[in-house]
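Visitor: Model the structure of this input:
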Amino acid sequence: MIIEPRAVNLGYILKMVPHAPDGMATFDDRLRLQKLVYMIEAFDVYLGYDFSWYLRGPYCTRLAKTGFELEQIADRIEDDPKTKFADPYTQKRFEKAIQFIDRIMKCPSDTERLEIAASIHLLLQTTSLDKQAIFSRVISKMPPSGDQKHMESLCESMWDELSKEDLIPYGR
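Guide: Next up, the predicted model:
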């Protein structure tokens, strides 16, 4: 397998992200990678991935490929707390993304809230659906839990969290 430099860069970035997966072994690892990178980009930190709506919300085929490449070299990427983006604006936005992710995720397995936040944000960016239609679409693609009120509450909570970060366009 040929490893692209993009995989190395992603590896160093993920070292700074709370709850980042350390591989691609499980579906949850792959889902978490997709949603974490999507949310970082939502904070105006473009990492080179373009997302579209898929079965479980934002998805990028190129990111999946990069994630599998990264898995092959992950043990060679050192922890380096001094790693920073060269552009101060990008670094500041990245730090805000990290704070957001840390706030909405309680542990690595807490992907539900992350998935909902990313899905709401993508639908806001790519459709003209109103808030309730967005919630319905997000809930319809989540694994069945049987608790509609709980899912609506999570959607409302993530909408509020996105609003706090000015990630909900004015008037939506």
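Visitor: Got the confidence number for Ile77?
Guide: We have a pLDDT of 85 for Ile77.
Visitor: which residues touch it?
Guide: If you count contacts by CB atoms under 8 Å, 6 or more residues apart in numbering, Ile77 has them with 8, 11-12, 15, 70. The C-beta positions use only the backbone N, C-alpha and C, and glycine is treated the same way.
Visitor: just Ile134 next, same as before
Guide: 120, 123-124, 127, 155.
Visitor: Inside helices: which ones of these?
Guide: Taking DSSP state H, the ones among the contacts of Ile134 that sit in helices are 120, 123-124, 155.
Visitor: Please identify which two of those residues are farthest apart in space.
Guide: Leu124 and Cys155 (12.2 Å; CB to CB).
Visitor: quick one, which of these two is more surrounded?
Guide: Cys155 (23 against 19; other CB atoms under 10 Å).
Visitor: what separates that one from Met39, distance-wise?
Guide: 16 Å (CB to CB, to the nearest Å).
Visitor: Distance from the chain centre to the lowest-mean-pLDDT helix or strand in the chain, please.
Guide: Least confident helix or strand of the chain, by mean pLDDT, DSSP states H and E, is helix 5-14 with a mean of 91. Here helix 5-14 is found 15 Å from its chain centre; the criterion is CA atoms, centre = their mean, to the nearest Å.
Visitor: so what's Leu14 up against?
Guide: By CB under 8 Å, 6+ apart, the neighbours of Leu14 are 20-21, 33, 36, 70.
Visitor: hmm, 7 Å instead?
Guide: Shown in contact with Leu14 (CB atoms under 7 Å, 6 or more residues apart in numbering): Ala20.
Visitor: now do His121
Guide: Counted by CB under 7 Å, 6+ apart, His121 has contacts 42, 162, 167.
Visitor: Please apply the same query to His19.
Guide: Each residue near His19 by CB under 7 Å, 6+ apart is listed here: 32, 101, 105, 107-108.
Visitor: go with 10 Å
Guide: 32, 36, 101-102, 104-111, 114 (CB atoms under 10 Å, 6 or more residues apart in numbering).
Visitor: next one: Asp28
Guide: By CB under 10 Å, 6+ apart, Asp28 lies in contact with 21, 108-109, 111.
Visitor: now for those, which pair is the farthest apart?
Guide: Pro21 and Ser109 (10.6 Å).
Visitor: Name the residues of stretch 105-122 that are buried.
Guide: 105, 111-122 (16 or more other CB atoms under 10 Å).
Visitor: go on, stretch 92-109?
Guide: Quick answer for stretch 92-109 (16+ other CB under 10 Å): 93-94, 96-98, 100-101, 104-105.
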